[in-house]
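[1] Mind looking at a prediction? Sequence and model below.
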Amino acid sequence: MTAFVLAVILGTGLAMAQNGTGTITGTIMDSSGGAVSNATITARNTETGVARTVTAGPNGQFSISPLQVGTYDVSGESTGFKQELRHGIVLVVGQEAVVNLTLQVGNVTEQVTVTDAPPLVNTTLNSTAGLVNEQQIKDLPLNGRSFDQLLTLNAGTVNNSSNASANKWDSFNVSGQRSESNRYLMNGVDYVGTNAAGAFLSPLGASNQLLGVEAVREFNVMLNTYGAEYGKRVGAQISIVSNSGGNQFHGDVFEYIRNSAVDARNYFDSTKGTPPFKRNQFGGAASGPILRNKMFFFVNYEGFRQSLSTSSVNPVPDALARQGMLPCYIANPVGGCAGKPGAYVTVPNLKMGILPYVGNLFWAPPTGNEILSTAAATVGLPTGAANFVGNPVNTIQEDYGLGRLDYTITSRDSASVNYT
């Protein structure tokens, strides 16, 4: 069980690494190209209604930061000019979007709405080319619903889990770096999962999956070049942003099922029939306002239940070996086999107390074929061992939850708390 807590107060005077947020900057000018100083610029989140307001400097430049990811309407106004409004500014994690405004002479009560504007310019040092957006996370198929598999949508990223050891089940190499060189961030805070040593591998849980698809809004993969606000590791920086609430109530429930009843038998499986396999992933999410335009909540739960039987073939003592008898070339290699090599004979000086330990106390009973010798001198002769073929069951249970609360204190200050 891992607890992950973040409580941050965001204000215009607070210097911090904006790993889970974005920035809108730009210049406000008049129609002749001159700077409009002391103009008022407002960025309003269309999902939450929360607005942030700043004043342009003497040269008309402005910066609004930090801002939650989402869609914004940006407006600028000043005395003697019509208000200009830009719709649909989509801000993603780590982005510094440039939105330039041009005011027309007129009454401030008049409004000019720009609907066909040039595309946003991204001047940030933190490339957003590695963005995996909400639609991709929700719509692309995921075996096990482990959303970190989507890292491979980026060039130079390799899922190396098939070659990884047991303690590195989910392993991604980015730009040729080692998997432990990557750094995972959840809403700007290091995210290491259940790894007690704090190694920066995928923050997996008991299921070896990175659960929480419903909780993730988007994430950005910065491959190998990024700004000074990122550090600690030389590999990729994976910035994950959780969902948050808005002015509308939303909710969903889900269950995903896998069952061996509809599986075909693996051709290489040693058992008869298909080994039992049951996996259930279920849960739900809910979000909405507590105070409209001021306070919002988001909660998510996901349960993982799995019972997997894996075909296993192992050598065990055969029926006669459990009675203290072995093939004679093993029991008495010096004295020979009296013309019957491979015949079972009682082990010389047998201690009867040892028999329970070569029986069912330590070894499962043989259920497969007898194992014959492959040595040149004794090829085809019994060895005293046989195969045990079975389906040992491995069960996994994991419960994942995330809660987030966002509160706008003033137009310049806000607080965000989340618990994973």
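    Done, it's in.
[2] When you work out contacts or count neighbours from here on, use the C-alpha atoms and nothing else.
    Noted.
[3] how does this protein divide up, domain by domain?
    Using automatic domain parsing, the domain parsing of the chain gives 5-122, 125-241, 313-390.
[4] from the chain's centre, how far out does the shortest one sit?
    Averaging C-alpha positions (C-alpha atoms, centre = their mean, to the nearest Å) puts domain 313-390 50 Å from its chain's average.
[5] related to what we said a few turns ago, and Ser287, which of the domains of the chain is closest to it?
    With C-alpha to C-alpha as the measure, domain 125-241 is the member of the domains of the chain nearest Ser287 (10.5 Å).
[6] average model confidence for that closest one?
    In this model, domain 125-241 has a mean pLDDT of 81.
[7] Mind telling me what element Ile137 is part of?
    Ile137 is part of helix 134-139, with elements assigned from DSSP states H and E.
[8] typo on my end, it should be Asn360
    Judged by DSSP H and E, Asn360 forms part of no helix or strand.
[9] Give me the distance between it and Tyr419.
    According to C-alpha to C-alpha, to the nearest Å, Asn360 stands 49 Å off from Tyr419.
[10] Next, please give the residue ranges for the helices of the protein.
    134-139, 328-331, 355-358 (DSSP state H).
[11] Please identify the most buried of those helices.
    Comparing these by mean neighbour count (mean count of other C-alpha atoms under 10 Å), helix 328-331 ranks first with a mean of 21.
[12] got the contact list for Val253?
    With contacts defined as C-alpha atoms under 8 Å, 6 or more residues apart in numbering, the neighbours of Val253 are 282-285.
[13] And the buried ones among these, selectable in PyMOL?
    Of the contacts of Val253, the buried ones can be selected in PyMOL as follows, counting by 16 or more other C-alpha atoms under 10 Å:
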select buried, resi 282+283+284+285
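[14] So, low pLDDT: which residues of the protein?
    Within the chain, the segments meeting pLDDT under 70 span 1-19, 108, 115-127, 162-170, 193-201, 330-339.
[15] what's the neighbour count on Gly130?
    Gly130 has 18 neighbours, counted by other C-alpha atoms under 10 Å.
[16] thought it was touching Gly156?
    No. Gly130 lies out of contact with Gly156 (C-alpha atoms under 8 Å); the separation is 10.6 Å.
[17] which residues sit against the helix holding Ile137?
    Applying C-alpha under 8 Å, 6+ apart, the set of residues contacting helix 134-139 from outside is 147, 150, 213-214, 216-218.
[18] now swap in stretch 345-360 and tell me
    Contacts for stretch 345-360 (C-alpha under 8 Å, 6+ apart): 317, 321-328, 331-332, 363, 365.
[19] quick revisit: make a ChimeraX selection of the buried ones in the contacts of helix 134-139.
    Entered in ChimeraX, the line below selects the buried ones among the contacts of helix 134-139, by 16+ other C-alpha under 10 Å:
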select :147,150,213,214,216,217,218
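[20] In terms of distance to Gly22, which of the contacts of helix 134-139 ranks first?
    Glu218 (12.6 Å).
[21] so how far is Gln136 from that closest one?
    Distance, Glu218 to Gln136, using C-alpha to C-alpha: 9 Å.
[22] Same question for Ser32.
    43 Å.
[23] Could you do Val313 as well?
    With the distance defined as C-alpha to C-alpha, Val313 ends up 41 Å from Gln136.
[24] Check Ser373 too.
    Distance from Ser373 to Gln136, counting by C-alpha to C-alpha: 56 Å.
[25] Now distance to Gly76 too, for the helices of the chain, in JSON lines please.
    Formatted as JSON lines, these follow (distance: least, C-alpha to C-alpha, whole Å):
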{"stretch": "helix 134-139", "distance to Gly76": "29"}
{"stretch": "helix 328-331", "distance to Gly76": "93"}
{"stretch": "helix 355-358", "distance to Gly76": "84"}
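[26] for the ones you listed, which one sits closest to Val234?
    Per C-alpha to C-alpha, nearest to Val234 of the helices of the chain: helix 134-139, 25.8 Å.
[27] roughly how far is that closest one from the heart of the chain?
    With C-alpha atoms, centre = their mean, you get 13 Å for helix 134-139.
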